[in-house]
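1. Sequence and predicted structure, then a few things I'm wondering about:
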Amino acid sequence: MLYSLLRAYRTVAFVGMCKNAGKTTALNRALTGAAEDGAVGLTSIGRDGERQDLVTGTKKPAIYVRRGTLFATAAGLLSACDVTREILETTGVPTPLGEVVLVRALSDGYVQIAGPSITDALPPLFSRFFAFGADRVFLDGAISRKSPAAPAVSEAVVLSTGASYAADLDTIVTDTVRTVRLLTLPRAEGFDPAPDDELLVRLPDGATAAYPRETGILDAMRAQPGATGVYRRGALTDAAVEKLLQTHVRTEGLTLAVEDGSRVLLSGAMLDKLDRRQITLAVVRQTTLAAVTVNPFSSYGLHQDRDALKNRLAAAIAAPVLDVGEE
Amino acid sequence: MDISFAVQQRIGFRYVLDNLTVNSPYGEEQKRELARFLPSERAALETELTSLERAVAAMRQDKPACDAFMRQLMGLKDIRRSIAALAELVTTDVELFEIKRYLLQLQQIQPLYDRLSAGAPFGGRTVTALPDALCVLDAERTGTPTFRISDRMSAALAAIRKEKRALEQEIRTASGEEKERLLVQRTGVVAREEQEEAAIRRSICQRLSPYVETMLDNCRALGYLDLLFAKAASAIRFSAVRPVLTERTLDVADMQNPMLCDRLAERGRSFTPLSVSLTAGSAVITGANMGGKSVALYTLLLNVLCCSCGMFVFCREARLPLFDSISLVAEDAEDAMRGLSSFGAELLLLDRSVRDAEGDGFSLLLFDELARGTNPDEGAKIVLGTVRYLDRPDCMAVFATHYDGVAAAAKRQYRVMGLKRMDLSELRRELSAAGADRVAVIERHMDYGLYPVEGETAVPRDALHVCELLDLSAPLLDCIRGEYGARGM
């Protein structure tokens, strides 16, 4: 079921709202599905894939791949992988556990994945996967990495959430919906930033004017009173937006654009404020939220009702919501 | 290297090194460890210079082979730790992968190198491909750079893997307790597989251990060749020539300094080549301010260093000796900041250099405006004393100074010409037209050439000219002129 939602994408990132949200279970399901449909490349941002959670000590599932899977992991973790393997290439990308190495699994089995911790190293790595014959690449966005980069480098995202996120259902639902919103921001029309563009202002006639980053959103807006949108490279924080809201610059109908949803580091309160001021958040590089998976079991004992969790999320989210345990 | 990093930078030696483009970690290491040849190592330096000469010729004659050779070097990684692991019979798959890749690279590199060296290896360094070692790692003779412990390496392993695969096939469709049971069973098979693989890795190590020394020799040879060809490329780029080694005389014709050449070129100007002949003993370079005495000194030191490090020199012709010790005494901002007055720091440096030169052997001592930080009367005496003391057969000492009466004590005297031969009235006209950029105009009219002087000892008096040309305020200039008059100059 899950894989059928992912079939259309060359690169899919798996991110979790928290630890034990069921992300690895979702990844395993997708791997199994994809194995029937060509070769999969698998890596992560940073380390993941231990059988015991290194932080909380709770038991968690390991990643189990099919024969023919290509994976990129730190050389120091290969001894913890039990697949029969062929070393394809060393990448020169360093990790605390050694250089990232490209490997072909010659049997089914468990793997531990620690890929590059720098986002910039991922696209070249994906290219190597494809060069070695992968049909698609799955990226495990390790713990608490939902805000950084994983979605930025992939066509589609699978978000896992569950009872481990919070004790009460309302919080789980509210925060998951907010994360979903950031992952599904609309495309910012009229912006086509070059790699070195830091700050762009969109004018009523559709043209854009470039400013250096130091200018700041507010001053750029002041310089272009009729602006209909602002694009800024890098993370969008409360502090950067606060100034804009405190002034009398007209903001109704304004679009605030970033590279992708992972750059939005705004608090819930700030997001609400933007709504009230009719400011639209948008992204230059859109990813697709392919699915949300839910896990009603909490590793801390506070389980949620399976149907209540799934149904409330399904009502609030446009993307398909699946129960990872049910499939 | 006995020359500090700051001095290497100031004289343009670092610039030359930065332009030595090596392609491999082994070449990088050789470059870091670049050292001077001492007089006792003269024969080795001659060999090195001959190799470099041949490398330059090879680069000119067979550029495609050279380029291909260097591209191969670019692909090298430092795998000496993997080779060391081999010698200790404990390697990982990744280490074996790297060794296999290295052996494949050697297969490519050796024929290229044979073509370049035409049967006479540069510096006696050979590159030896190891096809037999490669066969150990490439059981299936695929020639691909990937590595796996192949089923063909042991019948036992093939059997275990077959069993493992059958189990995995069952696991794919099993569920619940049955799946758990199969997974536990699989763990046992995996353990046996790992055990068998470890035994095979060990046997691979054993079979490869006879090649360990040759593999390491190849690393060293490739590092040497990488640096040699980098030196050759630099020699071609800067039109450097092979120096002739001498006992204790120095003759350089039209010396250049690549760093200064390039910097001047950026400003649309060019470097004035310098020629010097020296024998053991003291020599003095005098000349006006702004005239390039320091540049002459630095350029001399740069070329001496390049020669002694087995590089070609930036001259039309050069005959150079080797030195046991080399020092440059110059006001050093670093020492001044360490709390000593600049004068105190300079004297300590002077003392250290002279003591270094006292030992056996032949020394080069260069002094850039020695004792400029003290009063001219005493400064001149300090310089004169040092010139006299170092005018002896076991060293070459070169002093750039503008103190009077010093040159008489030296064996040789050179002068940077400065503005001396200029038509001053014409220069004044040009200056008034130039407006703000007077310094540039004066620089343009300086003669930076170095000219031997016989007999004459008075230092040229350009300072007043420069004051006038820079159009200091009239009353100030009058006062200064008055002082010249009062002293009868």
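-> Received the coordinates, thanks. Residues are numbered from 1 along each chain as shown, chains lettered A, B, ... in the order given.

2. Where does pLDDT dip in chain B?
-> Low-confidence regions of chain B, defined by pLDDT under 70, span residues B:1, B:288-291, B:332-340, B:419-424, B:435-436, B:455-462, B:486-489.

3. got the residues of it near chain A?
-> Residues of chain B lying near chain A by Cβ under 8 Å from any Cβ of the partner chain: B:77, B:92-94, B:96-98, B:145-148, B:161, B:164-165, B:168, B:171-172, B:187, B:190, B:193-194. Placement of C-beta: from N, CA and C, glycine included.

4. Could you give me the ChimeraX syntax to select whichever of those residues are buried?
-> Of the residues of chain B next to chain A, the buried ones can be selected in ChimeraX as follows, counting by 16 or more other Cβ atoms under 10 Å in any protein chain shown:
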select /B:77,92,93,94,96,97,98,145,146,147,148,161,164,168,171,190,193
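
5. helix or strand right after the one helix or strand residue B:285 maps to?
-> Using DSSP states H and E, the element containing residue B:285 is strand B:281-287. Heading C-terminal from strand B:281-287, the first helix or strand you meet, by DSSP H and E, is helix B:293-308.

6. quick one: that next one to strand B:281-287, angle?
-> Taking axes from the mean of the first three to the mean of the last three Cα atoms, to 10 degrees, helix B:293-308 and strand B:281-287 form an angle of 140 degrees between their directions.

7. which residues does residue A:161 contact?
-> By Cβ atoms under 8 Å, 6 or more residues apart in numbering or on different chains, the residues touching residue A:161 are A:16, A:17, A:18, A:21, A:172, A:176, A:179, A:292, A:293, A:294, A:295, A:313.

8. In JSON lines: these, plus neighbour count and distance to chain B.
-> Listed next are the contacts of residue A:161 as JSON lines, based on neighbours: other Cβ atoms under 10 Å in any protein chain shown; distance: Cβ to the nearest Cβ, whole Å:
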{"residue": "A:16", "neighbour count": "29", "distance to chain B": "24"}
{"residue": "A:17", "neighbour count": "24", "distance to chain B": "28"}
{"residue": "A:18", "neighbour count": "20", "distance to chain B": "27"}
{"residue": "A:21", "neighbour count": "28", "distance to chain B": "23"}
{"residue": "A:172", "neighbour count": "25", "distance to chain B": "29"}
{"residue": "A:176", "neighbour count": "26", "distance to chain B": "30"}
{"residue": "A:179", "neighbour count": "20", "distance to chain B": "32"}
{"residue": "A:292", "neighbour count": "27", "distance to chain B": "25"}
{"residue": "A:293", "neighbour count": "30", "distance to chain B": "20"}
{"residue": "A:294", "neighbour count": "29", "distance to chain B": "22"}
{"residue": "A:295", "neighbour count": "27", "distance to chain B": "19"}
{"residue": "A:313", "neighbour count": "21", "distance to chain B": "27"}
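
9. Show only the entries of the residues you listed found in strands.
-> Within these, residues falling in strands by DSSP state E are A:16, A:292, A:293, A:294, A:295.

10. Put together JSON lines for the contacts of residue A:161, with distance to residue A:33 and pLDDT on each row.
-> Below are the contacts of residue A:161 laid out as JSON lines (distance: Cβ to Cβ, whole Å; pLDDT from 0 to 100):
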{"residue": "A:16", "distance to residue A:33": "19", "pLDDT": "87"}
{"residue": "A:17", "distance to residue A:33": "22", "pLDDT": "86"}
{"residue": "A:18", "distance to residue A:33": "24", "pLDDT": "81"}
{"residue": "A:21", "distance to residue A:33": "20", "pLDDT": "84"}
{"residue": "A:172", "distance to residue A:33": "26", "pLDDT": "90"}
{"residue": "A:176", "distance to residue A:33": "23", "pLDDT": "90"}
{"residue": "A:179", "distance to residue A:33": "24", "pLDDT": "87"}
{"residue": "A:292", "distance to residue A:33": "17", "pLDDT": "93"}
{"residue": "A:293", "distance to residue A:33": "13", "pLDDT": "93"}
{"residue": "A:294", "distance to residue A:33": "18", "pLDDT": "91"}
{"residue": "A:295", "distance to residue A:33": "18", "pLDDT": "89"}
{"residue": "A:313", "distance to residue A:33": "22", "pLDDT": "92"}
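
11. any idea which of those residues is closest to residue B:71?
-> Closest approach between the contacts of residue A:161 and residue B:71, by Cβ to Cβ: residue A:16, at 44.6 Å.

12. Quick check: closest non-adjacent residue to the closest one.
-> Of all residues not flanking residue A:16 in the chain, residue A:23 sits nearest, at 3.8 Å (Cβ to Cβ, 6 or more residues apart in numbering or on different chains).

13. for that neighbour, phi and psi?
-> phi -60, psi -50 (degrees, to the nearest 10).

14. what about it, distance to chain B?
-> As judged by Cβ to the nearest Cβ, to the nearest Å, residue A:23 and chain B stand 21 Å apart.

15. correct me, but that residue touches residue A:160?
-> Yes: if you go by Cβ atoms under 8 Å, residue A:23 and residue A:160 touch, sitting 4.0 Å apart.

16. Overlap in contacts, the two.
-> Counting by Cβ under 8 Å, 6+ apart, the residues touching both residue A:23 and residue A:160 are A:14, A:15, A:16, A:293.

17. how about these, which pair is most distant?
-> Greatest spacing in those, by Cβ to Cβ: A:15 and A:293 (10.7 Å).

18. residues near residue B:475, how many?
-> 8 (other Cβ atoms under 10 Å in any protein chain shown).

19. hang on, it is in a helix, isn't it?
-> Yes: the assignment for residue B:475 is a helix, going by DSSP: H, G, I helix; E, B strand; the rest coil.

20. where does the residue of the stretch 151-300 of chain A found nearest chain B land in three-state SS?
-> Distance from chain B to each residue of the stretch 151-300 of chain A (Cβ to the nearest Cβ) is smallest for residue A:297, at 17.8 Å. Assigned by three-state DSSP, the conformation of residue A:297 is coil.
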